[in-house]
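[1] pasting a predicted model and its sequence here:
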Amino acid sequence: MSEQRLVYLDNNATTRVAPEVVEAMLPCLTEHWGNPSSAYSLAAEPARLIEEAREHVARLIGTNSRNIVFTSCGTESNNAALQGATLANPAKQHVVTTAVEHSANIKFCRQLEKRGYEVTHLPVDLDGAIDLCDLQAAIRQDTAIVSIMWANNETGVLFPIEEIAAICRSHGVLFHTDAVQVAGKVPIDVRELGVDFLSLSAHKLRAPKGIGVLYVKTGVPFQPYIVGGGQERGQRGGTENVANIVAFGRAAELALSHLDDENTRVRALRDKLENGIFKAIKGSVRNGGGEPRLPNTTNIGFDGVEAEAALLLLDREGICASSGSACTTGSIEPSHVLAAMNVPLSRSKGSLRFSLGIENTEEDVDRLLEKLPPIIERLRDVSPEALGQAGEPLAAAY
Ligand SMILES: *Cc1c(COP(=O)(O)O)cnc(C)c1O
């Protein structure tokens, strides 16, 4: 196994940093190490590099660089949008979101509730879709902000963000979308979308972890989440992470140039993987397949299997996949996304997510299609139901 190429099918958890990105960021750590806010000439180049990166990120989402605020991660961007909008409208103490958001939003909303806010979590149907009538009905006079993700990280299901933004606009309510999983996979034009805030994270886009972006529309009431120096036009304090910002800029450029590849070749690989699994493995069901979705993601449930056991056996074959979001893997809790979709527990516990990227090849898919069917079969042979003995240790299968 050690000589085998790693088959990495978990690009929604994170991506490998592109060599071009590493190359772009290295000089920021060696030559251009000055504090971009300083007055001397050592600061000029890092300051210039930041503005260049800001323009590249702005281009990726169809905006002006003045609307780009660099943050420390996608989580911070999501928190900052909710915090910024609620602080700026203290009289409004209601927030609308969905039941399937990233934990960055779910947990922040839980904190808002502790502070006396009311939060409406819109439900989803079995395909993972929300009903826009529910959204219409949920918005109130005292709604401070609506926060709804664009693409779900676990299932790849896309929400109709343009329509959602229009509904929010017609009610005069601020709208934030978590577009972390969308960037580089679907074209983004914030002007067409009409959103007020949009979150991005660089590490889902072939740049390093620890750098995010919050798009803030001009004129929108917003208060900074992290306060300190006047960096980021006073919208986010803290000395800039120059190398990571430059990395994000380069990755944004690459993402634009690879959009076609994601939507043709990567989509075809995903479809081949999916169809291959359905053909080879009885009792495999796609979660969230009836809705528009990302070109790179599939989430498939296997009856009578524990996902964690399947992942361990796949790992032994040098294959990386996931049982949902990396943030909840390792916890025994079933996915909150699949639970909200009313996927029966017997299937959600045996659900695997495969998320591809532009580095994947036909051989990667072929290897998965060779290795996965016997793994599922083996696990089903030793599943408690098969043994007729509840609680038989699954370890027997490894
Ligand atoms: C990964 C992810 C985040 C969090 O981004 P980090 O940079 O890891 O904090 C937020 N939302 C979605 C949909 C994600 O997939």
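    Structure's in. What do you need?
[2] secondary structure class of residue 95, three-state.
    strand (DSSP: H, G, I helix; E, B strand; the rest coil).
[3] so how far is residue 21 from it?
    From residue 95 across to residue 21, the span is 35 Å (C-beta to C-beta, to the nearest Å). Just so you know, the C-beta spots here come from the backbone N, C-alpha and C atoms, and that holds for glycine as well.
[4] all strands for the stretch 201-350 of the chain, in order.
    Applying DSSP state E, counting those that start in this stretch to the stretch 201-350 of the chain gives strands spanning 212-216, 284-286, 297-302, 319-320.
[5] are the longest one and the ligand in contact anywhere?
    No. Taking C-beta under 6 Å from any ligand atom as the criterion, strand 297-302 and the ligand are apart, separated by no less than 10.5 Å.
[6] so which residues make contact with that strand?
    With C-beta atoms under 8 Å, 6 or more residues apart in numbering as the test, strand 297-302 has contacts from 12, 151, 154-156, 181, 270, 273-274, 277, 281, 283-289, 310, 324, 338, 343, 347-348, 350-356, 376.
[7] quick one on the thing from earlier: please identify the deepest-packed of the strands of the stretch 201-350 of the chain.
    Highest mean neighbour count among the strands of the stretch 201-350 of the chain (mean count of other C-beta atoms under 10 Å): strand 212-216, with a mean of 27.
[8] spell out which parts of the stretch 201-350 of the chain neighbour the ligand.
    201, 203, 204, 212.
[9] the second one contacts residue 12, correct?
    No. Residue 203 sits out of contact with residue 12 when judged by C-beta atoms under 8 Å, with a separation of 10.9 Å.
[10] which one's more surrounded, these two?
    residue 12 (29 against 23; other C-beta atoms under 10 Å).
[11] residues contacting the residue of the stretch 51-200 of the chain found nearest the ligand?
    Proximity to the ligand, evaluated over the stretch 51-200 of the chain using C-beta to the nearest ligand atom, is greatest for residue 74 at 2.5 Å. Neighbouring residues of residue 74 by C-beta under 8 Å, 6+ apart: 102, 104, 178, 180, 199, 200, 201, 204, 212.
[12] these in helices, which ones?
    Members of the contacts of residue 74 lying in helices (criterion: DSSP state H): residue 104.
[13] could I get the full set of helices for the stretch 101-250 of the chain?
    Counting by DSSP state H, counting those that start in this stretch, one finds helices in the stretch 101-250 of the chain at the ranges 103-114, 132-138, 161-170, 190-193, 242-261.
[14] now the longest one: buried residues?
    Along helix 242-261, these residues count as buried under the neighbour rule (16 or more other C-beta atoms under 10 Å): 242-256, 258-259.
[15] burial of residue 116, as a residue count?
    7.
[16] let's see the pLDDT reported for the spatially closest residue to it that is not a sequence neighbour.
    Spatially, and ignoring its direct neighbours in sequence, residue 116 is nearest to residue 93 (6.3 Å; C-beta to C-beta, 6 or more residues apart in numbering). With respect to pLDDT, residue 93 scores 98.
[17] any idea whether residue 77 is helix, strand or coil?
    At residue 77 the chain is in helix, as set by three-state DSSP.
[18] I'd say it and residue 216 touch.
    No. Look at residue 77 against residue 216 with C-beta under 8 Å: they stay out of range, at 10.0 Å.
[19] show me the contacts for residue 66.
    Residue 66 makes contact with 218, 233 under the criterion C-beta under 8 Å, 6+ apart.
[20] so it sits in a helix?
    Yes. When three-state DSSP is applied, residue 66 is found to be in a helix.
[21] gap between it and residue 221?
    Shown here: residue 66 relative to residue 221, a distance of 17 Å by C-beta to C-beta.
[22] check residue 289 too.
    Applying C-beta to C-beta to residue 289 and residue 221 gives a distance of 39 Å.
[23] the two: which has the busier surroundings?
    Relative neighbour count places residue 289 above the other of residue 289 and residue 221, with 16 against 13, counting by other C-beta under 10 Å.
[24] for the more buried one, give me its contacts.
    Counting by C-beta under 8 Å, 6+ apart, residue 289 touches 127, 298.
[25] got the phi/psi numbers for it?
    The phi and psi torsions at residue 289 (degrees, to the nearest 10) take the values phi -90, psi -10.
[26] separation between it and residue 335?
    16 Å.
[27] what do you get for residue 246?
    Residue 246 sits 35 Å away from residue 335, going by C-beta to C-beta.
[28] quick check: which ranges of the stretch 251-398 of the chain have low pLDDT?
    324-332, 384-398 (pLDDT under 70).
[29] excluding chain neighbours, what is closest to residue 156?
    residue 297 (3.0 Å).
[30] oops, could you answer that again for residue 379 instead?
    Nearest to residue 379 is residue 305, by C-beta to C-beta, 6+ apart, at 4.7 Å.
[31] now do the contacts for that neighbour.
    Residues near residue 305 by C-beta under 8 Å, 6+ apart: 349, 350, 376, 379, 380, 383.
[32] likewise for residue 22?
    Taking C-beta under 8 Å, 6+ apart, we find residue 22 in contact with residue 247.
[33] next one: residue 147
    Residues in contact with residue 147 (C-beta under 8 Å, 6+ apart) are 78, 81, 82, 95, 96, 97, 101, 105, 175, 176, 177, 178.
[34] go with 10 Å
    Neighbouring residues of residue 147 by C-beta atoms under 10 Å, 6 or more residues apart in numbering: 78, 81-82, 85, 95-98, 101, 105, 108-109, 119, 174-178, 197, 199.
[35] show me which of those residues neighbour the ligand.
    Contacts with the ligand within these, counted by C-beta under 6 Å from any ligand atom: 78, 178.
[36] outline the domain layout of the protein.
    The chain breaks down into these domains under automatic domain parsing: 7-15+259-397, 19-257.
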